[in-house]
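show me how the following folds:
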Amino acid sequence: MKQSQFEQRHQESWTHFGERLEALERSRGRSQAGDGFTEHYRQVCQHLALAQERGYSTHLVEPLQQLAMRGHQQLYRHRSQFGAQVLGFVLADFPRLVRAEWRLVALAGGLFFGSLIVMGLLVHAFPDLIYSVVSPADVTEMEAMYDPAARRLGQAAERGASADWLMFGYYIMHNIGIAFQTFASGLLFGLGSLFFLLFNGLMIGAVAGHLTRVGFGETFWPFVVGHGAFELTAIALAGAAGLKLGWALLAPGPLRRGEALRIAAKTSVRLIGGVMLFLLIAAFIEAYWSSMTWPHPVTKYLVGAALWALVAAYLTFAGRTAHAPD
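Predicted coordinates:
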């Protein structure tokens, strides 16, 4: 193709891309690159490569090089802004949000951890109570998973040979399912979130009480103490996010229920973003640390205590300083 034909075919596209670049450069970060920018940038890069390969004149190649360079700067400038926003959310916005919703967080945490502790003590004192919430088959499976003779902890026999990264994926999907269920059921005027907070607390407490009573506490507690800091906290926070939705429906104030729900959902969805982060960390710890049998239980307890202290300090103090990202 002749250079004149090449220019005639693509000149309009180059002009349009240049106008977008000028608008973005004038905005100094106030505007976003928008839909289609990446594809348009790649097209310009392709045209530049073709022009160089075909030996077109510098009068064409140099302007295309300038467009490609400016496009590269804008593309990665906005990616950097997105990264800064994510970092700001993790380091400051999420813990601030948890503290701002402390009443719902306290209610959800009280229901979840309270039911867990009470049920654990009851099952330990009255062994047959375990079968009121867990089937005999599931009890047998749990005992096999935490048998001190097991080569890997927290894994059913049929998954014992699975690679750690497969278990990592399994834990993520399982935990996200529980968290989303607890969160989304808040749309039932909060009753669903209340139910799943209590249900999960009772189930976990019953298993903990039973395994401790039958002598498997020496494997169960070192297994759960590490990732539990993030996983159990995430379930409670998911419940708080669901209760936020339910309360908007129950007490919308002067707003219509739909509007109140929309406003509450903005906060709830951001809370769930932090919950997903916690569950990702929990799944990583569970797959690559908790299931290991070689560390001494004391080591696991020390690591677990450090992780619980880290979660508490993060939610309590992160984002309080003036230098925290906005």
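
when you work out contacts or count neighbours from here on, use the C-alpha atoms and nothing else.
Noted.

tell me where the model's unsure across the protein.
Across the chain, the ranges flagged by pLDDT under 70 are 28-35, 77-82, 149-165, 168, 321-326.

cutoff 50 now
Counting by pLDDT under 50, the ranges of the chain that qualify are 30, 156-162, 322-326.

pop the domain breakdown of it in here.
In the assignment given by automatic domain parsing, the structural domains of the chain cover 3-87, 101-317.

what about the shortest one, how long is it end to end?
The separation between the terminal residues of domain 3-87, taken as CA to CA, to the nearest Å, is 47 Å.

please, where are all the helices along the stretch 201-326 of the chain?
Under the criterion DSSP state H, counting those that start in this stretch, the stretch 201-326 of the chain contains helices at 217-250, 257-285, 297-317.

one more: the stretch 51-200 of the chain?
Using DSSP H, counting those that start in this stretch, the helices of the stretch 51-200 of the chain run over 58-88, 94-100, 102-125, 136-145, 164-184, 191-213.

residues in contact with the residue nearest the centre of the chain?
Against the mean C-alpha coordinate of the chain, by CA atoms, centre = their mean, the closest residue is residue 276 at 1.6 Å. Taking CA atoms under 8 Å, 6 or more residues apart in numbering as the criterion, residue 276 is in contact with 176, 234.

over to residue 216?
Each residue near residue 216 by CA under 8 Å, 6+ apart is listed here: 143, 146-148.

rewinding a little: for the helices of the stretch 201-326 of the chain, which one ends up most surrounded?
Ranked by mean neighbour count, these are led by helix 217-250 with a mean of 25 (mean count of other CA atoms under 10 Å).

same for it, what does it pack against?
If contacts are counted by 3 or more CA pairs under 8 Å, 6 or more residues apart in numbering; DSSP states H and E, helix 217-250 sits against helix 102-125, helix 164-184, helix 191-213, helix 257-285, helix 297-317.

can you put the helices of the stretch 201-326 of the chain in a markdown table and add distance to residue 40?
Formatted as a markdown table, the entries for the helices of the stretch 201-326 of the chain read as follows, by distance: least, CA to CA, whole Å:
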| stretch | distance to residue 40 |
| --- | --- |
| helix 217-250 | 39 |
| helix 257-285 | 31 |
| helix 297-317 | 42 |
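
what's the closest of the ones you listed to residue 50?
With CA to CA as the measure, helix 257-285 is the member of these nearest residue 50 (43.2 Å).

just how off-centre is the closest one within its chain?
Per CA atoms, centre = their mean, to the nearest Å, the displacement of helix 257-285 from the mean C-alpha position of its chain is 8 Å.

can you check stretch 122-138 too?
Per CA atoms, centre = their mean, the centroid offset for stretch 122-138 relative to its chain is 32 Å.

do stretch 204-217 as well
In terms of CA atoms, centre = their mean, the centre of stretch 204-217 is set 29 Å apart from its chain centre.

quick one: contacts for residue 282?
So, once contact is read as CA under 8 Å, 6+ apart, residue 282 ends up touching 227-231.

so the nearest residue to it once chain neighbours are set aside versus residue 87, what's the distance?
Counting by CA to CA, 6 or more residues apart in numbering, the nearest residue to residue 282 once its immediate chain neighbours are dropped is residue 227, at 4.7 Å. Counting by CA to CA, the gap from residue 227 to residue 87 is 22 Å.
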